[in-house]
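>>> Fold the following for me, if possible:
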Amino acid sequence: MESMQVPLDNSAIVPTRYWHTLPDGRAQCDLCPRFCKLRDGQRGMCFVRANRDGRIVLTTYGRSTGFCIDPIEKKPLFHFLPGTPVLSFGTAGCNLACRFCQNWDISKAREVAVLSEKATPQSIAREAQHYGCTSVAFTYNDPVIFLEYAIDTAQACHERGIRTVAVTAGEICKEPREEFFRHMDAANIDLKAFTESFYHRLCAGWLKPVLETLEYVKHETACWLEITNLIIPGENDGNDEIDAMTRWVVDKLGPDVPMHFTAFHPDYKMLDHPPTSLDSLQRARSIALANGVRYGYTGNVADAEGSTTYCHSCRTPLVKRWWHEVSGWNLTDDGHCGNCGTACAGRFEGHAGSWGNRRQPVRIPTF
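Numbers count the residues shown, from 1 in each chain. Have a look, this model is predicted:
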């Protein structure tokens, strides 16, 4: 656990619920399995939750590192409103310490100055509607650490008919997990590896809570679920580990949860590892498909086959993609195969959207 004495911005502070007072007077945060124990004025490892006057507060409510409209496929979500635009944003900080973090300038930020954008939940929902976004995504850093801001924004979005997406590592405790995912329409959960040693060595985290989150979201919520596994050469790319992980997914979650095997690029504190090869990603995908995963994908690489959704019954291509753009469509309006009529798991609403591969930064007015 890391804690810091830093100034707090009063305008961004809101009370939180998941904490309790310890006998020695410290406040323990109960949001995630890190259980940071903080004295007055200290922040937890996540940076955004702090002890102020004996209470755990969120210190970055209404503060963001920026807003951008992305294709939903970039989250990545392939079976949730394909081709549609999603307004994406995050804050600073993270409750993990992944040595390979590819958003480290945001997730590892320890300066309030990076939170340059101010936006209320209502203004985010209003601008998402203005730009024609079908959904709003809490991403770039892990939204569980700004749970209160994310939930208020989700509620404001739902009032306007806009869906919400969480991109998260799933390191969250039971009670806040239930509240958080009750407000999410879709989630991509990062299953970083399938060993506790990987999580301890490279993330300062734990595998068990992530598996619990995956099972909870799949079986206890209406939230659409997809999984990302970043393949890192020499760390989590062994056949045995991928075999065990994908067998667990099919056994515990079922065959219809899409899995994205994505390429690692050297970054942050893991510059000594090579990029993931296309062959390695395709091998992981093949293992997953052989174990019964119906929808396996490769990501962060140019791979037409690994980006295509196939009917699990007749193997007809249903949704073709190039990078993050939908280039072919063979689904009925209600999400069935256009060839044999077999249902494709997901959340589909007629034809794919036409947002394409654009990335559009936006400013959110504060009025």
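>>> in the chain, what spans have low per-residue confidence?
1-9, 104-116, 367 (pLDDT under 70).
>>> make it 80
In the prediction, the chain carries residues with pLDDT under 80 at positions 1-11, 102-117, 267-268, 366-367.
>>> Using the record, which stretches count as separate domains in it?
Residue ranges for each domain of the chain read 4-58, 64-361, as given by automatic domain parsing.
>>> Next secondary structure after the strand with the most length in the chain?
Longest strand of the chain, by residue count under DSSP state E: strand 224-231. With elements assigned by DSSP states H and E, the helix or strand that comes after strand 224-231 is helix 239-248.
>>> starting at the chain centroid, how far to that following helix?
Between the centre of helix 239-248 and the centre of its chain there are 21 Å (C-alpha atoms, centre = their mean, to the nearest Å).
>>> List the buried residues in that helix.
241, 242, 243, 245, 246, 247 (16 or more other C-beta atoms under 10 Å). For glycine as for every other residue, the C-beta is placed from the backbone atoms N, C-alpha and C.
>>> and these, which two are the farthest apart?
The distance between the two most remote of those (C-beta to C-beta) is 10.8 Å, for 241 and 247.
>>> Break down the stretch 151-300 of the chain into its strands, ranges please.
Assignment of strands within the stretch 151-300 of the chain using DSSP state E, counting those that start in this stretch yields the ranges 163-168, 186-190, 224-231, 259-263, 296-299.
>>> so of the domains of the chain, which one's packed in deepest?
domain 64-361 (a mean of 19; mean count of other C-beta atoms under 10 Å).
>>> Give me the distance from that domain to the chain's centre.
5 Å.
>>> nearest residue to residue 85 other than its sequence neighbours?
For residue 85, ignoring the flanking residues on the chain, the nearest one in space by C-beta to C-beta, 6 or more residues apart in numbering is residue 355 at 4.1 Å.
>>> quick one: secondary structure of the one you found?
Recorded secondary structure, residue 355: coil (DSSP: H, G, I helix; E, B strand; the rest coil).
>>> got the contact list for it?
Residue 355 is in contact with 69, 71, 72, 83, 84, 85, counting by C-beta atoms under 8 Å, 6 or more residues apart in numbering.
>>> would you turn those residues into TSV with secondary structure?
Shown next, in TSV, are these (three-state DSSP):
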residue	secondary structure
69	strand
71	strand
72	helix
83	coil
84	coil
85	strand
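>>> so can I have TSV of these showing distance to residue 141?
Output for the contacts of residue 355, formatted as TSV (distance: C-beta to C-beta, whole Å):
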residue	distance to residue 141
69	18
71	20
72	19
83	26
84	23
85	21
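>>> Residue 87 belongs to a strand, doesn't it?
Yes. Using three-state DSSP, the assignment for residue 87 is a strand.
>>> So that it lines up with my notes, have the first residue be 233 from now on.
Understood, numbering begins at 233; the last thing we discussed is residue 319.
>>> give the contact list for it.
Taking C-beta under 8 Å, 6+ apart, one finds 299, 300, 301, 356, 359, 360, 363, 365, 367, 368, 369, 594 in contact with residue 319.
>>> OK, contacts around the closest residue to the third one other than its chain neighbours?
By that I understand residue 301. Leaving aside its chain neighbours, residue 301 sits nearest to residue 592 (4.3 Å; criterion: C-beta to C-beta, 6+ apart). Contact analysis of residue 592 by C-beta under 8 Å, 6+ apart lists 300, 301, 363.
>>> Please dump the residues you listed into CSV; it should also carry distance to residue 283 for every row.
Shown next, in CSV, are these (distance: C-beta to C-beta, whole Å):
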residue, distance to residue 283
300, 33
301, 37
363, 38
